[in-house]
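1. show me how the following folds:
(chains A, B, C, D, E, F, G and H, ligands or ions: 3)
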Amino acid sequence: MQVKIQRPFFQRFYLVEIFTGLWITIKKVILHRTVTIQYPEQRRNYSERFRGLHYIKSVQGVENCTACMLCPTVCPALCIHIEAGEKANKEKYPVKFDIDLLRCIFCGMCEEACPEDAIKLSNIYEMAIPKRQVIHKEFLDIQRGKDKAGHIPKLKGKGVQPNRVDFPEAGLKVGPVNPRAAGPKESY
Amino acid sequence: MALEVLFFYLFASLAIAFSLITVLRKNPAVCAFSLIMVFFSFAGIYALLGAHLISALQIIVYAGAIMVLFVFVIMLLNADAPSFDLTSSHWGLRVATFVICGGLFLAFVWAFKNSALSPVTGPFTGDQVKALGGNTRVLSSLLFTKYLYPFELTSALILAGIVGTIALAKRSPAAKKVKH
Amino acid sequence: MSETTKTSYPLYKEADSRAAAGFGDRFLVTPDPDDLWEDSRVIINLGPTHPAMHGAFRMVAKLNGETIEKSYCEFGYTHRAKEKLGEHRTYHQFVVFTDRLNYCSALINNVTYAMSVEKLLGVEPPERAVWIRMACCEIARITDHLICVGIGAVDIGAFSFFLYGFHQREEAYTLIEKLCGARLTTSYTRIGGLMYDAPVGWEQDCKAWTKKTREVIDEMDKLLTNNRIYVDRTVGIGVADKKMCQDYSFSGPSARAAGIDRDLRRDEPYMFYDALKFEVPVGSQGDVYDRYLVRLAEIRESLSIIDQICDRMKPGPIWADDKRVRIPAKVDVYNSMEAMIHHFKFFMKGFEVPAGEAYTTTEAANGELGFYIVSKGDTMSHRMRIRSPSFWHYHALSDMAQGQKIADMVATLGSINIIAGELDR
Amino acid sequence: MMPFDPFLLLPLVKCLLILGLVLTVVPGMLFVERRGSAWMQNRLGPNRLGPFGLIQPVADAIKLIFKEDFVPEHVNKFFYAMAPFACMLPSLLTFAVIPFAAPLVLGDRIITFQVADLDVGVLFILAIVSLGIYGIMMGGWAANSKYSMLGALRSASQMISYELAMGLSLVSMLLIYSTVDLGQMAEWQGRTLFSLGPLAIPSWGILLQPVAFVIFFTSTYAETNRLPFDLPEGESELVAGYHLEFGSMKFASFMLAEYSNMFTASGVTVALFFGGWQLLPGMGYLLDLVPLTGLGHDIARVAFQGTAFMIKVCFFMWTFVWIRWTLPRFRYDQLMDLGWKVLLPLSLLNLFVTAVLIYGGVY
Amino acid sequence: MAKDGSANFFTTQLDAFINWGRKWAMWPLPFGTSCCGIEMMATLSADYDMARFGSEAIRFSPRQSDLLICAGIVNAKMSPVLKTIYDQMSDPKWVMSFGACASSGGVFPVYSVTQGIDNIIPVDIYIPGCPPSPESVIDGLLKLRDQVQAGNTHSQRRIRLGLPAEK
Amino acid sequence: MNFAADSAQYFPIAILIALGLGLCVSIFFASQWLGPRVPHPKKNTPFECGVPGLDDQNKRFSVRFYLVAILFLLFDVEVIFLFPWAIVYRDFLKVNSFIVWEMGFFVVVLLVGYFYVRGRGALEWE
Amino acid sequence: MNIFTELATNNSQPKKKHGDTWKSQIEKAKNKFGSAIEEVRAPGDYPTDVPIFFVKKESVVEFLRYLREEPDFGYHFLADMTATDEGGEPRFEVVYNLCSPEKGPRIRVKTRVAENESVPTLTGLWKGADWAEREIFDMFGIRFEGHPNLRRILMDYRWEGYPLRKDYPLDGYQLFPDAEPPDPERLK
Amino acid sequence: MPNAIEPWVVLSFCSAIFFIGLTGVLIRRNILVIIMSLELMLNAVNLTMVTFSTSLNDMGGQVNVFFIIVVAAVESAVGLGLVIALFRTLRTVDTDQIQVLRG
Ligand code: SF4
Ligand code: SF4
Ligand code: SF4
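-> Residues are numbered from 1 along each chain as shown, chains lettered A, B, ... in the order given. Ligands and ions are numbered 1, 2, ... in the order given. Prediction:
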């Protein structure tokens, strides 16, 4: 199929087309149908699949994770750092479960890989932090408090109260970046 | 109307100061911009003297067009570069010039002060001009009656100017062929 | 094809009207070159943070007045070693890197990558997966073209136009996000299948979206296509003719704008494109305006393709029936030991791809996107070469811009839609 | 010693008013530009600070004042410091000759609503407009950067090219009005051109000289460097054009100049082509309804005229915003072609036709 | 402003006022290099409209902008460019590190990628995500604004303490 | 010699200029004093998109820009003759139509110049 | 495994088969070039999707010109050009992927290069090969004889080492104090 | 302060400007500045004309100024055209060097 310039007669004059354009824009002003989502008050409806901040699912206050090391292995960003420990009943559990959020690309592969349905991605996206930190297990765990079943309530619709994750204020343990995760230090 | 005398002296001193800068500063860009200030002062003096149209023209043509051209050329030749910092070639010439010009200036002042203006005055007194519709209108009608021939001649002058500059700026096709 | 591009006008003479686009001038005299002196040339550096260079490219141009006399392009400012990473990440992990190639249409990259590994493995994804992949490709193509057309307009100063298109792209992101949970970096495909099945009612959403998009495209069309200023700015600008297209291995819309009637979806049909009805818009001159028209026409074609796909999509499995690549369902993992072991092996080590090599291409939004994978039988590739269309198009920029104004260069660059991610890889 | 005459202070008051007007219109205009463009693009624009975001310009101003005013080493310091003000000063001056309302007779005094009633009238505007170029050239040249330089050169040649067409379209208006005085022009435009039943069509300049209007209007866009003629700042090519290296209040001064130029351009357009302070249709009836006589009525008339003038000016200022966010921009050579090969001959032709028509007694 | 940290009521009030102006008029300099650049555009475009907070007046000139939004990858070749641009910006200036790549190198711990722009320039706010969704960008902007109001950013500290810009 | 009485009309302009200058000066000093000062060697370099600029003295721009200025100057002179003409046009017409031809001749001569300029390609921007 | 066994369903991969064309083309090319062709690997006996011609590097330009100009071949679309680090001796293979847009088939040409050898440039045939060769030089250090401007393209011009060689570490980061200034020489 | 000003004061001012201009013409080597100085001299003459015109109540002087302005415009256009042309061939705006190069 050939695309061609079509050159209607009117187009030879600047003014006609200019007025068409002006009409289109002024229509927008008059109708004023804004599409803006006024973010802190209104939110877009993200789907269930939205890949946001991680949390560790737990059942009856015990986290599902058995420190099987699948997620750190599969993570393409290499941003999960787990140290396994053993509980009294010989069950393994993560003593340390750090995620370098600033390295994570929210690909969801850890969730996909987890055989215990432990690590999950919530749909919280407000994660901005003023310092480069990794988040510790306690932080991932704390999401438990939100819901008995271990799910984070999904934020839906316009006008929902923001569910901010404010790192320093939440009094959470956040640590310096894992040296492995930090880049080579070069300076001028 | 002492205020006007005050303004005259203000403009005059500005003009002299800036024209000295124009003549003596090394950087041609500075020269050009101070020349613009001189033109403004002149426009002010014209206005004080009641030559309103001339005053407007002074700004439109001198400040608004001629100096634009100067500034363009300075920018174009990158005349800010050190190679352009040229003042007098010879100190002797400089001193001689100062002496001669200063002397001539004093002589002129003396002459102006001690000679009377011609007693013959024209018909256009201030009130007369006002009655005829103001400086602009009077000047305009003069231009198209008494001074018609010079006016028509200027068109030829401008044409010559156009042809001349274009010829200078653009080499003739023939010359181009020769070159290649 | 829609009315606007199909209609021909009886009084329309192509060559003449193109000449008349400028101010046809009886007094036209070819300017003589030595009316300027040699060192009045200015060397000006555009980029890498120049607004016209979209953040990551650089052009150094020798200007004669406003005209670019000679220029050279530089890039590499976003080089991220994806090819090297292909040798250090498993085939399963590598899909996240394909998102970051042409990030305006990440889904096409995902699909192409999956296809190329599947080719080496000899795995066939099931029908539903293929349909969904196709729909994804077309949505991605539209988002890509919308950005390109919009950015092209911004470069010429029409900012509002860009935002109209951009909103529709936002809506497309909603669709994509519903599908895979991310807006831009989708990582949607898996070797032999998909990350998720399409959610219920997704087809309907798609169709609603195509309907709305068509209206928006019409509006954009009205605002720009016949705008005299826009036409004057684009016709005859940044011409890449057929010869140049061959020299620089142009593909995709940029080549089609020059009149090269080639579309891999039709000429080397992969997936189910041969079962669909669509047309391939072709331009004639290969200038900025043609590229714009071709892209607009392609958006319309893609919209109709999406409609057809949505009609033909049927429920079914989304995973290939091949144990090597298949990620076991979570329920199986909890319940069966065998699945558990497989699951562990899959994620701990990844699957091995038999030795061999293949070069797989698809028609991406910008042109021929190819993955040349050499496998030595490992879980990671031996060589992961990505053939990106932008690389070849960008190469031609200094040729295309030669003798044009800098403003034209900006328009040209916008119209060939160079994406830094796939240019630098 | 002369007794002190309070009317001697009148010019000062007028000047302060004008300056105040410009300095309030500019932030207002900025606000309108930002929100108006947002509305055109289905956005909201700055709506958070104050009601409708009205305080936004205040925040901008505070930020700009308290931003580092850095003078880079590579610039020509003197001109770098001067340029913004060389740009700003002419833009403040032009409004001096534009009449806001018909003169008010107060006993034996006539109060004009115009800062200075000059003999040269419209020529003054032309003179000032021709000076606006220096600020830009100084800025581009002093900043010593290639983008700025190119922007300045573009801007300068663009402005001077369109000044010609502008001057010529002014000449054809002068032919019609046969005066250079803007107050007289406004009065002239109060005549009835023809009557459509009860509706008296005033002989506004636009109706008499539509071609001159189009030329003048286009030229004002080029003179103010607004899209579609915003090549000097042409963001996509020159990053920011001539004010690239200017930050803080220096940049703000450039902005101030640009916006007050727009204000002035609208004012001149209205004065020349839209009847100046002549009332808008319908306002005459309203004025008649005002139950005042004598001086009170006159003052009401002045208020109405001022309002009419400002309404018209606001419309044109809105047009600046409106067009900017609708049209793409020209390329440099197209722009020059338009100026030299279309508008210049066209305005000459228009002048010729006007002269012939006046000769034939049509006007 | 007193250097020993003691400040009287007036100066604190004035500071608060100035910072209020600054936080409401952060003009961004978009440094969008790759995928994140697209999402940055989305943040600036109609749907999310960062203009609501007075931050849409995009200035590409470093002299006129306040907020350097570094969106996307910064690699070894780009690092000096970023550094230069940052250095050329007039104080007070803020840096938003947008996305995983800019913040830490993200998914690319490779030979060409600078592992976080904080190796080169001081960063005031990091936004995780790859790319961060526009909401999280605005969230980051809001948090940055809080910091600006509190005077708790690198640049403001530098001004307060009279430190030279870091070399 | 008396100054023209009507030069008083310019006093408001002088006031305006003075006020404007005052504004400029206050803006200048306000930003000088109020802005912070954080020097850095790189701040002193011109913006060149972040790369070191080519340190050439060669900043000469094309002669075309200059040509525009020259043509503008010449045509501007033409325009200034038109202003007086336009002002007195109606007055003169009342007497005779000679005024039309006076200017007609003038403009025709200049049109010759205009077409010469175009013919020589001085208005081409290639 | 042979990936060219017909699959039961053929959902995803390109459907056109060019086996016969290739067969005749291989014959023809072998007759024409004889010993310049070191080896031909055709699909069926080697796991590849298209035939691979291994050509001696001296005659690779001739060979490609033949493929491009000969009407029976018509491979005038240089789809891709790259190299691989095989690690053995000779170390590198330069790979040309060609396509014949009119007829449909694709083909691959390879030439083997040792570490310090150079390959004749292809820029005379395809202008577009310029950058591809520069990239190969940048990434593998393979030199191209007669190339107009063989300099680094993706990496900084001061970069040391060749990143895509197998012995280059993945995190071999190098940082340079400032960017490359514009080079007037290249604008002559 | 006197209410009016004697014409000789204005005329002296004119001559001052004139001689400053003349000095510039004589001592400067930059041809651009020489042309500028010429403009200065022309201006001084203009002002003299206007002064006489006002004090003698004769508009002729002002009309003359009108023409002088036009001539000055054309003069500087052509003059600068020459400068450009000179610069193009001789690469300098230094009058001394121009002389040398001419010989
Ligand atoms: S989401 Fe992806 S990048 Fe993030 S922790 Fe999980 S696997 Fe790693
Ligand atoms: S994969 Fe799941 S169970 Fe294993 S370590 Fe990660 S979170 Fe824990
Ligand atoms: S963080 Fe992710 S989206 Fe952003 S530039 Fe890096 S790879 Fe692209």
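2. the stretch 301-425 of chain C: strands as residue ranges?
-> Secondary structure of the stretch 301-425 of chain C, counting by DSSP state E, counting those that start in this stretch: strands at C:356-363, C:368-375, C:383-387.
3. could you dump the ones you listed into TSV and include mean pLDDT, mean neighbour count and distance to chain E?
-> No exception for glycine: its C-beta is placed from N, CA and C like everyone else's. Putting the strands of the stretch 301-425 of chain C into TSV (pLDDT from 0 to 100; neighbours: other Cβ atoms under 10 Å in any protein chain shown; distance: least, Cβ to the nearest Cβ, whole Å) gives the following:
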stretch	mean pLDDT	mean neighbour count	distance to chain E
strand C:356-363	86	25	20
strand C:368-375	88	26	16
strand C:383-387	88	25	13
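4. with adjacent residues omitted, what lies nearest to D:V22?
-> Counting by Cβ to Cβ, 6 or more residues apart in numbering or on different chains, the nearest residue to D:V22 once its immediate chain neighbours are dropped is D:S260, at 4.9 Å.
5. contact partners for B:K146?
-> The neighbourhood of B:K146, defined by Cβ atoms under 8 Å, 6 or more residues apart in numbering or on different chains, consists of H:60, H:63.
6. need phi/psi at it.
-> B:K146 has phi and psi values of phi -70, psi -30 when expressed as degrees, to the nearest 10.
7. can you count the residues close to the closest residue to chain C within chain D?
-> Across chain D, the shortest distance to chain C (Cβ to the nearest Cβ) belongs to D:R329, at 3.4 Å. Residue neighbour count, defined by other Cβ atoms under 10 Å in any protein chain shown, stands at 27 for D:R329.
8. helix or strand: which one has whichever residue of chain H sits closest to chain E?
-> Going by Cβ to the nearest Cβ, chain E is nearest to H:L32 of chain H, at 31.3 Å. Assigned by DSSP states H and E, H:L32 belongs to helix H:31-55.
9. near chain F at all, that helix?
-> Yes - when contact is scored as Cβ under 8 Å from any Cβ of the partner chain, part of helix H:31-55 falls within range of chain F: H:51, H:54-55.
10. what is the nearest of those residues to C:R80?
-> Using Cβ to Cβ, H:T51 is the member of these that lies nearest C:R80, at 76.4 Å.
11. show me where pLDDT drops low in the chain?
-> Reading this off chain A. Low-confidence segments of chain A (pLDDT under 70): A:1-14, A:60-61, A:134, A:136-188.
12. hmm, no, I was thinking of chain G.
-> Across chain G, the stretches falling below the confidence threshold (pLDDT under 70) are G:1-16.
13. which residues of it fall in strands?
-> Along chain G, the segments classed as strands by DSSP state E run G:37-41, G:52-55, G:77-85, G:92-99, G:106-113, G:118-120, G:143-145.
14. the third one to strand C:368-375, inter-axis angle?
-> Strand G:77-85 and strand C:368-375 are oriented at 30 degrees to each other (axes from the mean of the first three to the mean of the last three Cα atoms, to 10 degrees).
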